[in-house]
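**Student:** Fold the stuff below for me.
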Amino acid sequence: MKKPLLAFAFLILSAAVGAGQEAPSGVTRAPRAQRPESAVTHRSITAVTVPADTEAAVEMLSGLHTRFSHVDDPVEARLLKPVYVGGRVALPYGTLIEGHVTRVQPAGRLHHPAEMSFRFDAISLPDGQRAPISAVLFAMGNSKLKNARIDNEGNLKGSRGFSFKKMVGGIAAAGSFATIRAAVTGVATLAYSLPASGAAFLGYELLAPRGSEVHVPPETQFRIRLNNPVTVQVRG
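**Tutor:** Alright, predicted model coming up:
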């Protein structure tokens, strides 16, 4: 009597376990609810806008020179420090900043210094994002350019080659030469030679192409300024 009861209990227990593992015939069990992958990804990305007038430190990757560069030549720089917006990194270190030369004027006579302008118009983030920007030079960074400065519009300008000290030194040298010559030829020659020599030196100083060229070697550091805001996607 006990064996049939044990067998019956075993069958009931097996059926109960099977019911927990398999759905009854003809009944479709609903799959476990899962969040779509696209929804997870969407919620982990936030649009962040870097406002206009934001400044950033960059290092030039391109080399430029007013004698050899031309309008529309490509220009590339790299971000040296991250740009933060609301405590979040909007533009990370290593972001590439791309642009092109907009104006080149080599140095000329009458001490006209060289001038060069270039603008940045796109950024490329390390994660592959690209976005249009409008940015110009704002100030020099740690490195200094010899005989060059940045004007209020973000243009690079060479310094004038005219030197008052050089002019005075040249006149003095010319006068010394005339004095030595006068010792040989007489005082009358001194009166003629000094003005003539000084005038000749001044004429050369005024007409010689003494304006300085603008040379921007790679690794030159600048600070740039955004003219317009730029929006990027930030993860996390």
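**Student:** Name the nearest residue to Pro132, ignoring sequence neighbours.
**Tutor:** Nearest non-adjacent residue to Pro132, counting by CB to CB, 6 or more residues apart in numbering: Ala122, 5.7 Å away. Quick note: C-beta positions are derived from backbone N, CA and C, even for glycine.
**Student:** if I look at that neighbour, how far off is Pro74?
**Tutor:** In this view, Ala122 and Pro74 are 11 Å apart by CB to CB, to the nearest Å.
**Student:** Pick out the least confidently modelled helix or strand of the protein, by mean pLDDT.
**Tutor:** Taking mean pLDDT, DSSP states H and E as the measure, helix 164-185 is the helix or strand of the chain with the lowest mean score, a mean of 47.
**Student:** where do the strands sit along this structure?
**Tutor:** For the chain, the strands defined by DSSP state E occupy 45-50, 55-60, 64-65, 74-79, 83-85, 88-91, 96-105, 115-124, 130-140, 148-150, 156-158, 215-216, 221-226, 230-235.
**Student:** For the nearest residue to Glu115 once chain neighbours are set aside, grab the count of nearby residues.
**Tutor:** Of all residues not flanking Glu115 in the chain, Gln105 sits nearest, at 4.3 Å (CB to CB, 6+ apart). Applying other CB atoms under 10 Å, we find 17 residues neighbouring Gln105.
**Student:** Check Thr46 too.
**Tutor:** Around Thr46 there are 12 residues (other CB under 10 Å).
**Student:** looking at it, it is touching Val234, isn't it?
**Tutor:** Yes. Counting by CB atoms under 8 Å, Thr46 does reach Val234; the two are 5.2 Å apart.
**Student:** want to throw the strands of the chain into JSON lines with mean pLDDT?
**Tutor:** Formatted as JSON lines, those follow (pLDDT from 0 to 100):
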{"stretch": "strand 45-50", "mean pLDDT": "94"}
{"stretch": "strand 55-60", "mean pLDDT": "97"}
{"stretch": "strand 64-65", "mean pLDDT": "96"}
{"stretch": "strand 74-79", "mean pLDDT": "98"}
{"stretch": "strand 83-85", "mean pLDDT": "97"}
{"stretch": "strand 88-91", "mean pLDDT": "96"}
{"stretch": "strand 96-105", "mean pLDDT": "97"}
{"stretch": "strand 115-124", "mean pLDDT": "97"}
{"stretch": "strand 130-140", "mean pLDDT": "95"}
{"stretch": "strand 148-150", "mean pLDDT": "91"}
{"stretch": "strand 156-158", "mean pLDDT": "92"}
{"stretch": "strand 215-216", "mean pLDDT": "94"}
{"stretch": "strand 221-226", "mean pLDDT": "96"}
{"stretch": "strand 230-235", "mean pLDDT": "94"}
